[in-house]
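**Q** This is a predicted model, with the sequence first.
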Amino acid sequence: MDLKSILSGLSSDREDLAVFGIGTPSHSSNDHNTGNSSQCCEKNFQGLNKNMRMLKSFAWHFKLFKAYLTKGITPRGLRVKIQPLVADPDDILLNEWHSIQQECSLKFVESLSKYYTRIIDKESPRVSKLVADCEGYKHDSLFPGLLSKLSSDLLTFEAQLKDRKLKKIICDQSDYERGQLFKQTK
């Protein structure tokens with residue numbers, strides 16, 4: 001695996017919602033003449049790791065929100081829960097109220113999805129530059145080990161993200177299946 005394939009996989013992966021059961025999976029210049037070349041190489045890989053983890057996290061946030069939108073559900077923390085201030089609300093009012101709450105909640109999810117698209121597009125060039133900086137050290141003796149460590153770390157990190165996001169959407173989907181989105185009293 002090389003740095004460019006890691007980066008391109010990261011960019012294309014944000015559209016892959018197969019993990020949520022939606023769609024199909026997609027397949028997804030420094031001065032090197034100093035005596036501190038290995039230290040610079042190591043420092044650049046640390047920066048790249050940090051920024052790629054951040055970008056991977058943003059991509060998984062985006063994927064999760066896109067999955068919510070596709071399924072028409074909202075996470076617990078974004079559900080609008082406001083009760084009508086009337087003495088004796090009837091079923092028609094409560095049903096309309098619930099529909100409006102769901103629509104507003106989905107708008108929050110949509111807004112966050114758009115935010116993560118912008119932030120990913122904004123941060124991707126920075127990561128691309130870090131990849132280019134690191135590739136400038138490919139003849140350094142530390143390069144293969146650092147590349148292997150980066151790849152391994154990102155795979156582990158992604159597995160953790162995937163696990164958390166799956167648990168989250170399963171929990172929220174369960175709320176919808178049980179019909180326990182908003183506790184409404186008459």
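**A** It's in.

**Q** Which strand or helix spans the residue nearest to the spatial centre of the chain?
**A** Residue closest to the mean C-alpha point of the chain, counted by C-alpha atoms, centre = their mean, is residue 60 at 1.9 Å. According to DSSP states H and E, residue 60 maps onto helix 37-71.

**Q** could you give the mean pLDDT of that helix?
**A** Average pLDDT, helix 37-71: 95.

**Q** could you say what helices and strands that helix packs with?
**A** helix 3-13, helix 91-135, helix 143-178 (3 or more C-beta pairs under 8 Å, 6 or more residues apart in numbering; DSSP states H and E). All C-beta atoms are positioned from the backbone trio N, CA, C, and that covers glycine.

**Q** The residue nearest to the centre of the chain: what's it in contact with?
**A** Listed by C-beta atoms under 8 Å, 6 or more residues apart in numbering, the contact set of residue 60 reads 158, 161-162, 165.

**Q** if we can go back for a sec, please convert the helices and strands packed on helix 37-71 to a markdown table, extending it with mean neighbour count, mean pLDDT and distance to residue 76.
**A** Shown next, in a markdown table, are these (neighbours: other C-beta atoms under 10 Å; pLDDT from 0 to 100; distance: least, C-beta to C-beta, whole Å):
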| stretch | mean neighbour count | mean pLDDT | distance to residue 76 |
| --- | --- | --- | --- |
| helix 3-13 | 17 | 67 | 26 |
| helix 91-135 | 15 | 95 | 10 |
| helix 143-178 | 14 | 95 | 6 |
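
**Q** Any chance of these in TSV with distance to residue 45 as columns?
**A** TSV is the format used below for the helices and strands packed on helix 37-71 (distance: least, C-beta to C-beta, whole Å):
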stretch	distance to residue 45
helix 3-13	10
helix 91-135	6
helix 143-178	4
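
**Q** just so I know, which of those lies nearest residue 37?
**A** Among these, helix 143-178 comes nearest to residue 37, with 10.1 Å by C-beta to C-beta.

**Q** before we move on, the earlier item: please identify which of the helices and strands packed on helix 37-71 is closest to residue 20.
**A** Comparing these under C-beta to C-beta, the one sitting nearest is helix 143-178, at 5.9 Å.

**Q** can you state the direction angle for the closest one and helix 37-71?
**A** 20 degrees (axes from the mean of the first three to the mean of the last three C-alpha atoms, to 10 degrees).

**Q** Give me the distance from helix 143-178 to the chain's centre.
**A** 9 Å (C-alpha atoms, centre = their mean, to the nearest Å).

**Q** same thing with stretch 86-94?
**A** Taking mean C-alpha positions (C-alpha atoms, centre = their mean), stretch 86-94 and its chain are 39 Å apart.
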